[in-house]
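Trainee: Would you be able to build a 3D model of this:
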Amino acid sequence: MNSEDQENIAPVPEENAPEVKALFNVEILSIIKEAQSKHGLRHNHYQRYREYCSRKLQRLRKVLNFKMGDKRKVTPKKITENVFNDARFIMMMVMTCERAWSTAMELKQDVESNPRKRHHMIERFRKSVKIANELVELCENSARVNARTKLECQAYCSYITGVLMFEQQSWVKARDNFQKTQTIYHKLAETLSKEEQRVYEVMVKEVNPNVRYCAYMIDDKSAMDDLVHLHSTNRQDPLLADKLDSLIAESRERQASTMSELVWRKRTIRVKNNKVRLFLIGVKDLDANLTQADNNDRDGKIELYDNALTECKDAIQVTKDDIKSDPNSKTGGEVSDLQFLHSYLSYLRLTKMIQRNLLVVEDLKTRAPELRLDEAGDASPVVTTGKKQVRPVDFIRLYDSMLQNLNDLANLPGLEDDAEMRSEIDVQQLAFKAYRCFYAAQSKTNDKCWTEAMALFDRVLVHARSAIDAFQLFTPVTPIMVDIDSLQNLVETIAFNQYRVHAAAVLSTTKLTSDEGASIDRKKPLMERLEQYDESVNMSAKAADASVMSSVFPPPFQPVPCKPVFFDLAQSQIDFPSLESKLKSSTQQRSGIGGLISNLWGGWGSKK
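Mentor: From the prediction side, this is the model:
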């Protein structure tokens with residue numbers, strides 16, 4: 001038997017063990033979730049998981065010597081109290097339930113294309129429920145199973161029963177079974193350590209969408225908002241995927257039937273096309289989902305924007321087709337309602353594209369170098385997480401796209417005389433130009449083009465300060481997509497970076513000639529040659545071979561009077577004679593006498 005069959009199962013005592021035997025302890029939920037994640041269910045591959053359950057069942061039956069007949073025919077057998085002497089019998093029954101459940105889920109994926117498979121799917125669910133009930137009965141009537149395992153069996157049986165009731169549309173029974181599952185797992189999590197609690201808490205959250213859907217189908221309309229939010233997060237149970245899609249569509253259809261007009265830029269627009277109505281209702285749901293979404297889940301928000309932009313594209317195309325067949329839109333006079341509706345849909349598409357690109361910019365900033373520069377004038381590096389390295393060109397491309405979107409907004413039909421809209425667009429253009437110039441300056445800094453970088457940094461200050469002043473002069477009617485605090489931080493960053501780039505530019509133009517470098521006596525300490533600049537010496541701590549003497553230690557001796565002279569006012573004006581000549585002569589005389597003595601001793605002691 002493999003090691004995975006022994007996992008999370010308490011060992012069974014041997015025959016010669018003492019009378020006090022250990023109770024069977026099987027962590028059913030942990031074993032199931034780990035097996036599902038390793039064998040296909042991470043990608044909803046139910047066939048692969050079903051094959052794994054069959055292989056494991058075969059291994060368990062072989063180890064436990066629990067044969068279901070012989071080679072000629074199959075003779076089903078039940079696990080009774082008499083043969084229930086091993087904890088692995090519990091896992092054998094759980095794997096039988098899992099095999100039937102995975103077969104039913106595999107058939108569920110093909111029900112729409114082949115409705116005849118639905119009956120087979122229901123039968124597989126019923127078999128799974130039947131074996132789960134037998135497992136609960138076996139554990140409840142046995143004194144060999146501990147309390148935790150009994151509760152796990154009850155929770156597992158309630159969940160499988162809830163799935164069957166859900167498919168049979170018995171909403172009250174399904175809700176009761178799912179709630180029982182949540183209650184048991186929640187109580188179990190409270191009694192376990194933090195490491196073991198996580199799998200139970202996750203399971204409670206996974207069952208919650210099923211409970212809310214059952215509540216909605218029992219005419220609890222308050223559950224609708226929760227279901228819409230769960231649908232937008234893409235974290236619903238696979239059992240609910242198709243049902244939530246149809247539920248959201250039905251809800252929007254009901255809202256669309258009551259929607260006949262909208263008001264935008266002080267003008268009332270009639271909406272006749274049902275597809276456009278559905279999109280406009282979806283935009284409201286999008287704003288609500290973005291508000292409830294986690295701020296750190298940028299990928300999820302970007303996916304929401306992509307889905308909304310796809311629906312917006314279809315709505316715009318439908319409106320274009322209506323304009324072609326509308327006689328009022330063919331005249332060259334005032335903008336018709338359909339044309340103004342087309343402008344409104346284009347406005348939504350352009351603004352959502354800008355908001356999506358701003359989310360991409362925020363995501364790139366988490367992986368991009370910091371805005372300030374280091375001592376060498378280069379951008380500070382960051383640790384990448386296996387993704388492609390971010391360059392300033394990536395930001396420039398995004399801001400170019402956003403500036404183009406703002407230009408398209410200003411040219412929409414029906415908005416030529418809207419001064420408020422034009423002011424809002426101009427302010428946002430100044431802010432986006434400031435950011436684009438900033439990243440262009442970063443790119444020039446990386447290329448060591450200091451002059452161009454300085455000019456671009458000056459241009460950033462002009463655009464940023466103009467945008468900040470414009471923000472303070474008017475109150476926007478629609479939400480502005482630029483953060484004023486971010487612009488002020490950008491101005492502070494530019495002031496810092498300008499000094500760095502200016503210093504790097506000066507150093508790049510300062511070159512030491514070969515003659516000047518040769519004339520420098522590098523053996524002298526730096527304190528004695530402060531007027532000389534030596535570029536070849538690396539003073540950074542990273543240079544291991546840097547040997548530069550800043551000063552002499554200990555300092556050289558200087559002659560002083562033997563006895564201090566007190567109250568001598570003229571002592572500071574007296575130049576004492578130098579004693580170096582006497583010191584040298586005494587040293588030479590001492591060396592001469594020593595040499596003579598050494599020669600004499602050498603002569604007496606030498607061998608010839």
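
Trainee: shaky segments in the protein?
Mentor: Across the chain, the ranges flagged by pLDDT under 70 are 1-21, 220-259, 330-333, 369-387, 476-477, 510-519, 533-548, 560-573, 583-608.

Trainee: Look through it and tell me its longest helix.
Mentor: helix 337-367 (DSSP state H).

Trainee: and that helix, what other elements does it pack with?
Mentor: The contact analysis (3 or more C-beta pairs under 8 Å, 6 or more residues apart in numbering; DSSP states H and E) places helix 337-367 against strand 261-264, strand 267-270, helix 274-292, helix 298-325, helix 392-410. Glycine gets a C-beta too; all of them are placed from N, C-alpha and C.

Trainee: Can you point out the buried residues in that helix?
Mentor: 337-361, 363 (16 or more other C-beta atoms under 10 Å).

Trainee: Select, out of the helices and strands packed on helix 337-367, the one closest to Gln36.
Mentor: helix 298-325 (23.0 Å; C-beta to C-beta).

Trainee: How far off centre is the longest helix of the chain?
Mentor: Between the centre of helix 337-367 and the centre of its host chain there is 22 Å, according to C-alpha atoms, centre = their mean, to the nearest Å.

Trainee: between it and helix 392-410, how big is the angle?
Mentor: Helix 337-367 and helix 392-410 are oriented at 160 degrees to each other (axes from the mean of the first three to the mean of the last three C-alpha atoms, to 10 degrees).

Trainee: show me what contacts Phe557?
Mentor: Listed by C-beta atoms under 8 Å, 6 or more residues apart in numbering, Phe557 has no contact partners.

Trainee: got the helices and strands packed on helix 337-367 as TSV, with mean neighbour count columns?
Mentor: TSV is the format used below for the helices and strands packed on helix 337-367 (neighbours: other C-beta atoms under 10 Å):
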stretch	mean neighbour count
strand 261-264	12
strand 267-270	12
helix 274-292	17
helix 298-325	16
helix 392-410	17
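
Trainee: Looking at the ones you listed, which is nearest to Leu490?
Mentor: Leu490 sits nearest to helix 392-410 of all those, at 12.5 Å, using C-beta to C-beta.

Trainee: Enumerate every residue touching Glu81.
Mentor: 138, 141-142.

Trainee: What subset of those residues is buried?
Mentor: Here, 16+ other C-beta under 10 Å leaves 138, 142 buried among the contacts of Glu81.

Trainee: Now intersect the contacts of Glu81 with the strands, please.
Mentor: In strands, judged by DSSP state E, none of these are found.

Trainee: Just the ones of the contacts of Glu81 in helices?
Mentor: Leu138.

Trainee: Same list (the helices and strands packed on helix 337-367) but as JSON lines, adding distance to Asn208.
Mentor: Shown next, in JSON lines, are the helices and strands packed on helix 337-367 (distance: least, C-beta to C-beta, whole Å):
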{"stretch": "strand 261-264", "distance to Asn208": "35"}
{"stretch": "strand 267-270", "distance to Asn208": "40"}
{"stretch": "helix 274-292", "distance to Asn208": "15"}
{"stretch": "helix 298-325", "distance to Asn208": "18"}
{"stretch": "helix 392-410", "distance to Asn208": "37"}
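
Trainee: Out of the ones you listed, which gets nearest to Asp70?
Mentor: Nearest to Asp70, of the helices and strands packed on helix 337-367 and by C-beta to C-beta, is helix 298-325 at 54.9 Å.

Trainee: Now find how far off-centre the closest one is within its chain.
Mentor: Using C-alpha atoms, centre = their mean, the offset of helix 298-325 from its chain centre is 26 Å.

Trainee: do the same with stretch 40-60
Mentor: 31 Å.

Trainee: Pull the CA coordinates from that stretch and hand them back as PDB.
Mentor: The C-alpha atoms that make up stretch 40-60 are tabulated as PDB, following Å, rounded to 0.1, in the frame of the first residue of the first chain:
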ATOM      1  CA  GLY A  40      -7.300  16.700 -11.400                       C
ATOM      2  CA  LEU A  41      -9.900  18.800  -9.500                       C
ATOM      3  CA  ARG A  42      -7.700  21.900  -9.500                       C
ATOM      4  CA  HIS A  43      -8.600  22.100 -13.200                       C
ATOM      5  CA  ASN A  44     -12.100  20.500 -12.900                       C
ATOM      6  CA  HIS A  45     -10.800  17.200 -14.400                       C
ATOM      7  CA  TYR A  46     -13.300  14.800 -12.900                       C
ATOM      8  CA  GLN A  47     -12.300  11.800 -15.100                       C
ATOM      9  CA  ARG A  48      -8.800  11.900 -13.800                       C
ATOM     10  CA  TYR A  49     -10.000  12.000 -10.200                       C
ATOM     11  CA  ARG A  50     -12.500   9.200 -10.800                       C
ATOM     12  CA  GLU A  51      -9.600   7.000 -12.100                       C
ATOM     13  CA  TYR A  52      -7.500   7.800  -9.000                       C
ATOM     14  CA  CYS A  53     -10.400   6.800  -6.700                       C
ATOM     15  CA  SER A  54     -10.700   3.500  -8.600                       C
ATOM     16  CA  ARG A  55      -7.000   2.800  -8.200                       C
ATOM     17  CA  LYS A  56      -7.000   3.600  -4.500                       C
ATOM     18  CA  LEU A  57     -10.100   1.500  -3.900                       C
ATOM     19  CA  GLN A  58      -8.400  -1.500  -5.500                       C
ATOM     20  CA  ARG A  59      -5.300  -1.000  -3.300                       C
ATOM     21  CA  LEU A  60      -7.400  -0.700  -0.100                       C
END
